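Undergrad: sharing a sequence plus its predicted fold:
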Amino acid sequence: MDTNQILKEASRRIYEAVKDMAGTEKAAGNFGRGAGGDISRNIDITAENTVLDYLKEINFECVVLGEECGRVELSDEPKGFVIMDAIDGSANAVRGVPFFCSSLAFATENRLSSITDGVITNLSTGQMYSASQGKGSFLDEKQISIHKEKPLYKIVGINTSGANQEIMKKLQPVIQNHSHLRHFGANALEMAMFAQGLMDIFIDLRNKIRIQDIAAGYIIVKEAGGLLLDEKFNTLDADLSYETRVSFVAAANQEILDDIFPREK
Ligand code: IPD
Ligand code: CA
């Protein structure tokens, strides 16, 4: 089985394990703070253990970087890193808001730019987004791409949760000038939907997002033809450490980017 197939099977197993949990008492519970710094809920732990059990079962030689479990070395000679946010959008999942997903990626080195594979599963529907380096992005069996036509009105995904005053000031013109803003509460799934062409841009400039939340989205956006930039509008890259927090903008093309963030003259 190749790496992409392994991530897909792990993702499928998460879906089977958690699909009936959302919004029930089984999803909740408080297991203290995980490695990523948030409170781990039962649904997070169930999903992570499902992946860890599977990777052990098939003896996949890797280091797992999980949002809750932290760094787990499954081999002395790892082939690379499995970057796991087993449940992205945990708050939605626990309440029963049908917008949460799993995000699994594989990187050969300690950097985002070395990611070769990513899989994001919409855990409300079972639909699976996937990408492998150089092979395009897919939703289930169908190839997807960013929205290519000039939109009649732009759909602007923007994450402002917990943004500080300075960031809000920077975002104020975007918020004021655009009437179709969206924020659904699961960054990875929002990146996948951007890659599918459902939004024209997705903005998260809070400098809060963890590597686990964006790793699979990183390759799915790139392989779907999107621009993926940091807060200075340079190509996004970062190391995979637990301390790393990033800001990013995923844009369908340069024209959309310039329109949303006009360049200073
Ligand atoms: C969260 C979601 C959310 C974003 C938070 C993340 P989690 O991930 O992606 O959209 O606003 O910053 O922490 O905690 O549900 O895995
Ligand atoms: Ca999570």
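TA: Perfect, thanks for sending it. None of these values were measured; they are calculated from a predicted model. Ligands and ions are numbered 1, 2, ... in the order given.
Undergrad: so what touches stretch 238-250?
TA: Residues outside stretch 238-250 that contact it (Cβ atoms under 8 Å, 6 or more residues apart in numbering): 35-36, 65, 70-71, 81, 83, 107, 110-112, 191, 194-195, 201-211, 214-215, 217, 221, 226-231, 233, 236, 257, 261. (C-beta placed from N, C-alpha, C; glycine too.)
Undergrad: what's the offset of it from the middle of its chain?
TA: Relative to its chain's centre, stretch 238-250 lies at 12 Å (Cα atoms, centre = their mean, to the nearest Å).
Undergrad: okay, and which of the contacts of stretch 238-250 map to strands?
TA: Among the contacts of stretch 238-250, the members falling in strands (DSSP state E) are 65, 70-71, 81, 83, 107, 201-210, 227-229.
Undergrad: near ligand 1, which residues of the stretch 1-150 of the chain?
TA: Listed as neighbours of ligand 1 in the stretch 1-150 of the chain under the rule Cβ under 6 Å from any ligand atom: Asp38, Glu67, Asp85, Asp88, Gly89, Ser90.
Undergrad: can you flag which of those residues belong to helices?
TA: Counted as lying in helices by DSSP state H, out of those, are Ser90.
Undergrad: just the buried residues from the residues of the stretch 1-150 of the chain next to ligand 1, in ChimeraX please.
TA: Listed next is the ChimeraX selection for buried residues among those, using 16 or more other Cβ atoms under 10 Å:
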select :67,85,88,89,90
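Undergrad: which residue does this protein bring closest to ligand 1?
TA: Asn187 (3.4 Å; Cβ to the nearest ligand atom).
Undergrad: any idea which residue sits dead centre in the protein?
TA: Ala188 (2.4 Å; Cα atoms, centre = their mean).
Undergrad: hmm, it is touching Leu104, no?
TA: No: Ala188 lies out of contact with Leu104 (Cβ atoms under 8 Å); the separation is 9.6 Å.
Undergrad: overlap of the contact sets of those two?
TA: Common neighbours of Ala188 and Leu104 (Cβ under 8 Å, 6+ apart) are Asp85, Ile120, Ala216.
Undergrad: mind listing what the first one touches?
TA: I take that to be Asp85. Gly36, Gly66, Glu67, Ser102, Ser103, Leu104, Ala188, Arg210, Gln212, Asp213, Ala215, Ala216.
Undergrad: ok, now with 6 Å
TA: Glu67, Ser103, Gln212, Asp213 (Cβ atoms under 6 Å, 6 or more residues apart in numbering).
Undergrad: filter those residues down to the ones close to ligand 2.
TA: Applying Cβ under 5 Å from the ion, the subset of the contacts of Asp85 adjacent to ligand 2 comprises Glu67.
Undergrad: confidence-wise, which of the contacts of Asp85 comes last?
TA: Ranked by pLDDT, the contacts of Asp85 bottom out at Glu67, which has 93.
Undergrad: any idea how far that one is from Ala215?
TA: 10 Å (Cβ to Cβ, to the nearest Å).
Undergrad: which neighbours do the two share?
TA: In contact with both Glu67 and Ala215: no residue, using Cβ under 6 Å, 6+ apart.
Undergrad: burial measure for Arg206, as a count.
TA: As a burial measure, Arg206 scores 19 neighbours (other Cβ atoms under 10 Å).
Undergrad: still on that earlier bit, PyMOL command for the buried members of the contacts of Asp85?
TA: This is the PyMOL syntax for the buried subset of these, where burial follows 16+ other Cβ under 10 Å:
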select buried, resi 67+103+212+213
